[in-house]
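Asker: okay, structure incoming, though there's no sequence with it:
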Ligand SMILES: *Cc1c(COP(=O)(O)O)cnc(C)c1O
């Protein structure tokens with residue numbers, strides 16, 4: 001999957017059916033390429049599997065993975081809803097023409113301004129993270145004469161077995177309200193008492209880059225148990241259950257292969273059986289994939305600027321990008337597959353550290369990668385960079401952010417232009 005069909009007739013790397021080295025010379029480096037058709041296909045996997053598994057279902061794209069107009073427009077065309085976690089992401093969804101009714105507004109610390117902006121723009125659902133937000137939302141919705149639909153974000157107490165930085169479902173998470181402590185029940189009671197609020201359901205998201213089926217089953221289990229218990233206690237049955245995102249993607253060959261359609265069908269079977277047992281009507285099921293929609297649609301290309309061999313120690317390949325365009329290795333040692341677009345078949349007999357451009361020793365793309373012998377001017381490609389790269393990019397060292405070039409069929413076009421020094425200086429007074 002990671003490395004299938006990667007070589008063209010000239011022996012060079014191809015991506016989305018196009019020659020990476022030709023594209024890199026045309027658009028310059030560093031550069032992000034995005035395979036539009038791959039994004040559409042990933043959306044369809046969710047759409048189809050969820051429509052088969054459930055009577056009522058909606059996949060929602062977690063836009064934080066890659067929040068640009070072109071991508072939001074594609075996922076909306078494919079019939080997905082959109083998650084936002086800030087007014088800034090909401091603004092982008094609005095520019096992309098996403099139907100506001102299909103927007104879900106997340107976040108654990110929304111300001112009054114953000115809440116107001118969401119209500120004014122007719123956001124379909126707020127996913128309310130706690131009581132402070134709930135009361136603020138009720139007040140603001142009341143002022144604007146709106147009865148706001150919401151989901152309650154709950155913490156089901158599940159450990160997703162992933163990087164600590166992206167685990168969110170355990171009891172001590174900063175997100176949501178725990179079920180275990182009884183706080184979720186109090187949260188629900190409060191929400192049901194507010195006339196400005198319409199409680200449509202519950203939400204749980206336990207983590208990201210998760211491969212174990214059991215995690216999603218346990219999450220569904222905990223949520224259905226809560227639904228059953230609140231029905232018995234309060235007579236409240238939600239219309240919607242949002243199971244969050246988090247299905248893992250393959251960054252390197254050693255990552256397990258996850259068949260998302262199959263995983264969804266297993267979760268669906270489990271939910272249907274469990275609801276039948278508990279005499280519950282199956283709620284409308286929502287899922288929030290981010291990474292698994294865009295990660296494998298992305299490829300970043302760099303140019304080697306320096307080759308450095310320290311005898312008896314490390315070999316460095318220093319490239320013209322790094323943590324500023326992809327902070328994931330610096331943040332949590334994320335693994336990536338690194339290829340050489342114009343030297344695909346040369347022996348990879350030199351163990352290298354791919355160092356970045358920034359003035360920070362931790363600025364690396366990857367360590368201990370077997371690479372062919374490269375020189376200044378050679379290209380290096382990093383696969384699976386569509387999620388949490390551009391969206392986490394910074395201007396550290398005043399490095400302009402790379403452009404995003406869309407590849408669609410035989411076409412390529414700039415979706416986001418390269419940042420300029422003027423852009424970086426533009427806000428200074
Ligand atoms: C990050 C996040 C997602 C998406 O997670 P992925 O791993 O990118 O699929 C979905 N829902 C919530 C609430 C999130 O915070």
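Answerer: Yep, it's here. What you see is a predicted model, and the numbers here were worked out from it, not measured in a lab. Residues are numbered from 1 along each chain as shown.

Asker: need the contact list for the residue lying closest to residue 255 once chain neighbours are set aside.
Answerer: Leaving aside its chain neighbours, residue 255 sits nearest to residue 248 (7.0 Å; criterion: CB to CB, 6 or more residues apart in numbering). Backbone N, C-alpha and C define where each C-beta goes, glycine included. Residue 248 is in contact with 162, 209-211, 255-256, 258, 291-292, counting by CB atoms under 8 Å, 6 or more residues apart in numbering.

Asker: can I get the buried part of the residues you listed as one ChimeraX selection?
Answerer: For the buried members of these, the matching ChimeraX selection, counting by 16 or more other CB atoms under 10 Å, is:
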select :162,209,210,211,255,258,291,292
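
Asker: out of the contacts of residue 248, which are close to the ligand?
Answerer: 291-292 (CB under 6 Å from any ligand atom).

Asker: return the subset of the contacts of residue 248 lying in helices.
Answerer: 291-292 (DSSP state H).

Asker: now, the contacts of residue 248 that are in strands?
Answerer: Secondary structure defined by DSSP state E assigns none of those to strands.

Asker: from the contacts of residue 248, which shows the smallest pLDDT?
Answerer: The member of these with the lowest pLDDT is residue 162, at 71.

Asker: the ligand contacts on the stretch 51-200 of the chain?
Answerer: So the stretch 51-200 of the chain meets the ligand at 62, 64-65, 83, 106 (CB under 6 Å from any ligand atom).

Asker: for the residues you listed, pick the one with the most neighbours.
Answerer: Counting neighbours by other CB atoms under 10 Å, residue 83 leads those with 31 neighbours.

Asker: look up which residues are beta-bridged to it.
Answerer: Counting by DSSP bridges, residue 83 forms beta bridges with residue 62, residue 104.

Asker: confidence score at the residue in the stretch 301-429 of the chain that the ligand sits nearest to?
Answerer: Of all residues in the stretch 301-429 of the chain, the one sitting closest to the ligand is residue 387 (6.0 Å; CB to the nearest ligand atom). Looking at residue 387, its pLDDT reads 98.

Asker: likewise for residue 86?
Answerer: For residue 86, pLDDT reads 97.

Asker: skipping adjacent residues, who's closest to it in space?
Answerer: residue 107 (6.3 Å).

Asker: would you check that that neighbour makes contact with residue 129?
Answerer: Yes - applying CB atoms under 8 Å, one finds residue 107 in contact with residue 129, separated by 6.6 Å.

Asker: which of the helices or strands spans residue 413?
Answerer: In this structure, residue 413 sits in strand 411-416 according to DSSP states H and E.

Asker: for residue 99, give its distance to residue 279.
Answerer: Distance of residue 99 to residue 279, computed by CB to CB, to the nearest Å: 34 Å.

Asker: which one's more surrounded, the two?
Answerer: residue 99 (12 against 8).

Asker: which stretch of helix or strand covers the residue nearest to that one when sequence neighbours are not counted?
Answerer: Using CB to CB, 6+ apart and skipping the chain neighbours, the partner closest in space to residue 99 is residue 76 (7.0 Å). Here residue 76 sits within helix 69-77, counting by DSSP H and E.

Asker: show residues contacting that helix.
Answerer: By CB under 8 Å, 6+ apart, helix 69-77 touches 34, 36, 39-40, 43, 61, 63, 82, 92-93, 95-99, 102, 293-294, 404, 406, 415-416.

Asker: swap the cut-off to 6 Å and go again
Answerer: Helix 69-77 has contacts (CB atoms under 6 Å, 6 or more residues apart in numbering) with 39, 43, 61, 93, 95-96, 98, 415.

Asker: go on, stretch 272-291?
Answerer: 46, 54, 56-60, 62, 65, 83, 224, 228, 238-245, 249, 387.

Asker: with stretch 79-93 instead?
Answerer: For stretch 79-93, using CB under 6 Å, 6+ apart, the contacting residues are 43, 47, 58-64, 67, 72, 98, 102-107, 114, 117, 288.

Asker: ok, which stretches of the stretch 51-200 of the chain are strands?
Answerer: 57-62, 81-84, 103-105, 125-128, 148-155, 177-178, 197-203 (DSSP state E, counting those that start in this stretch).

Asker: phi and psi next, for residue 15.
Answerer: phi -140, psi 130 (degrees, to the nearest 10).

Asker: got the confidence number for the residue sitting furthest away from the middle of the chain?
Answerer: Going by CA atoms, centre = their mean, the residue of the chain most distant from its centre is residue 311, 40.5 Å out. What the model reports as pLDDT for residue 311 is 92.

Asker: what helix or strand is it located in?
Answerer: Residue 311 belongs to no helix or strand, assigned by DSSP H and E.

Asker: what parts of the stretch 251-400 of the chain come near the ligand?
Answerer: Within the stretch 251-400 of the chain, the residues that sit near the ligand (CB under 6 Å from any ligand atom) are 288-292, 387.

Asker: can you list the residues you listed in JSON lines and add distance to residue 215?
Answerer: JSON lines is the format used below for these (distance: CB to CB, whole Å):
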{"residue": "288", "distance to residue 215": "15"}
{"residue": "289", "distance to residue 215": "14"}
{"residue": "290", "distance to residue 215": "16"}
{"residue": "291", "distance to residue 215": "15"}
{"residue": "292", "distance to residue 215": "14"}
{"residue": "387", "distance to residue 215": "19"}
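
Asker: among these, which pair sits farthest apart?
Answerer: 288 and 387 (12.9 Å; CB to CB).

Asker: mind checking the longest helix of this structure?
Answerer: helix 213-234.

Asker: pull up the pairing partners for the helix or strand following that helix, direction included.
Answerer: Next helix or strand after helix 213-234 toward the C-terminus (DSSP H and E): strand 240-242. Next to strand 240-242 in the sheet, as set by DSSP bridges, lie strand 197-203 (parallel), strand 284-287 (parallel).
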